[in-house]
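Novice: Predicted model and sequence follow; I will ask about them next.
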Amino acid sequence: MAGLKEQVLATLPPSIRNILEGGARRELLNKVDSCLLVFDNEVICLESKKASQFQADAGPVDLEALVRASKKLLDNQQQEHSILLLLPPSEFVATSLSLPGVTQDNLVSALSLQAETLLPAHEEPLSLAINPASAMEGEDHVALWIDERRMTELFLAFQRQGLFLAAI
């Protein structure tokens, strides 16, 4: 029976297959057990409703201070965590575009190709997050951009403290 299911899935378009299989991203997000919200020099664990403050200067969030505060919140539970980190808007640049005719499958590629014209002053590589359902609903697309180097620094800072950052 499993072989038949795999054969049928193999014949489907990638977008349908990802929905039916769940996809790697969905599988990773399903394993998230801790959601941390960063707001106003404070990190809040949404599951326990506990908060921990950290020192921060004006500008981007101090990674080491954030990770120490996060570890303090999660250390009490003595288990491995898969963390979803919700960062403040100051960490992202948002753009809104209308891309008629662009399908859900091509949306990320289309926006990635336009990164240089959308954000011409930013010369470093960027990562992109977008709701692909906006393509099917015919709405404007709101894209959130974050510097890839900053995102890598976040993942590495959490990793150094033994915390698994599953998603930002």
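Specialist: Sure thing, it's come through. Numbering: from 1, shown residues only.

Novice: What is the burial count for L46?
Specialist: Number of residues near L46 (other C-beta atoms under 10 Å) recorded here: 12. C-beta here means a position set from N, CA and C on the backbone, and glycine is covered the same way.

Novice: One more: A166?
Specialist: Counted with other C-beta under 10 Å, the neighbours of A166 add up to 19.

Novice: And what about it, helix, strand or coil?
Specialist: State at A166, reduced to three classes by DSSP: H, G, I helix; E, B strand; the rest coil: strand.

Novice: surely it meets K31?
Specialist: Yes - under the criterion of C-beta atoms under 8 Å, A166 lies in contact with K31, with a separation of 6.6 Å.

Novice: what do these two both touch?
Specialist: Contact criterion C-beta atoms under 8 Å, 6 or more residues apart in numbering; residues shared by A166 and K31: S82.

Novice: E116: which element?
Specialist: With secondary structure defined by DSSP states H and E, E116 is part of helix 115-118.

Novice: Show me what that helix packs onto, helices and strands only.
Specialist: Taking 3 or more C-beta pairs under 8 Å, 6 or more residues apart in numbering; DSSP states H and E as contact, the helices and strands that helix 115-118 lies on are strand 141-147.

Novice: Provide the strand pairings for the strand it packs on, with the direction of each partner.
Specialist: Here strand 141-147 is paired, per DSSP bridges, with strand 93-97 (antiparallel), strand 126-130 (antiparallel).

Novice: hang on, isn't Q55 packed against A65?
Specialist: Yes - when contacts are counted by C-beta under 8 Å, Q55 is listed as touching A65 (5.5 Å).

Novice: between these two, who's got more neighbours?
Specialist: For Q55 against A65, the residue with the higher neighbour count under other C-beta under 10 Å is A65, and the figures read 17 against 9.

Novice: Against which helices or strands is the strand or helix carrying that one packed?
Specialist: Element membership of A65 [criterion: DSSP H and E] is helix 63-75. Using 3+ C-beta pairs under 8 Å, 6+ apart as the contact definition, the elements that helix 63-75 packs against are strand 34-38, strand 42-45, strand 50-53, strand 82-86, helix 148-160.
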